[in-house]
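Colleague: Any chance you could fold what I've pasted below:
(chains A, B, C and D)
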There are 2 protein chains.
Amino acid sequence: MELKELSPETIEKAANMLKAIAHPIRISIVGYLEDGKKRTVTEIHKKLGIEQATASHHLVILKDRGVLSSKREGKNTWYYLKHANLRNILNSIGDCCKE
Amino acid sequence: MELKELSPETIEKAANMLKAIAHPIRISIVGYLEDGKKRTVTEIHKKLGIEQATASHHLVILKDRGVLSSKREGKNTWYYLKHANLRNILNSIGDCCKE
DNA sequence: CAAATATATGTAAATATGTTGATATATCCG
DNA sequence: CGGATATATCAACATATTTACATATATTTG
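Modeller: As a prediction, the model looks like this:
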């Protein structure tokens, strides 16, 4: 795939998706969901040690920009990675940054 | 690799790197350099149809955040991808966004 | 219905980023 | 040195993002 052949719309969408991930808390959220499991807002905010409202806020951003999907079940909303290959992004970036 | 085990510093660095890429012009620049070749500011600004100052500005951002490297040779500064596996990021994102 | 639990939204101030045009610096060559 | 070419920087305004706290909405259960 040659990215330079992508349409402006696709590039715009890709930028929004990357912007969504490009934040310490949201990287951590994506990292926590990297295994493909679905997790609730409560699980996420407790795991990451952040406020519930903060977690919800960042989860909405990730969902709006196409990084995560969610499904409501009773009191809970389960969030999960929308695309399995988003894992590659974190792995690649992680590799670059560990050096 | 489990991202959740990365240090806060590494996560911070990863966020800065992703933030650097997460912009339409900068995605296009990285896409243009995706083949691993070194290119000058002039080549880049002409190829993308943007002002020279704009290109230089965005190239500095990409370099400062560890996405690109550069090497001055006479009048020219050659920019190129610092990490080969950054290509995976664009490919993954592109795949997610084409749908 | 009321209480408890889970999630989402609103607001406002602080901070960061983007954009543009003008200008500065660096290098080469005659 | 002086002109031409290539790149980098500056300044200033507009826009977007972050953060934190308060509060609202939704769902289950007694």
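
Colleague: For the closest residue to residue A:52 other than its chain neighbours, give me its contacts.
Modeller: The shortest distance from residue A:52 to any non-neighbouring residue, by CB to CB, 6 or more residues apart in numbering or on different chains, is to residue A:45 (4.9 Å). Bear in mind the C-beta positions are built from the backbone N, C-alpha and C, glycine included. For residue A:45, the contact set (CB atoms under 8 Å, 6 or more residues apart in numbering or on different chains) comprises A:51, A:52, A:54, A:55, A:56.

Colleague: Show me the strands in chain A, by range?
Modeller: A:39-40, A:68-73, A:76-81 (DSSP state E).

Colleague: Put together CSV for these, with mean neighbour count, distance to residue A:94 and mean pLDDT on each row.
Modeller: Converted to CSV, these look like this (neighbours: other CB atoms under 10 Å in any protein chain shown; distance: least, CB to CB, whole Å; pLDDT from 0 to 100):
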stretch, mean neighbour count, distance to residue A:94, mean pLDDT
strand A:39-40, 17, 20, 98
strand A:68-73, 14, 19, 97
strand A:76-81, 18, 16, 98
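
Colleague: residues from chain A in reach of DNA strand D?
Modeller: Residues of chain A lying close to DNA strand D (CB under 7 Å from any atom of the strand) are A:19, A:22, A:23, A:25, A:51, A:53, A:54, A:57, A:61, A:72, A:74, A:75.
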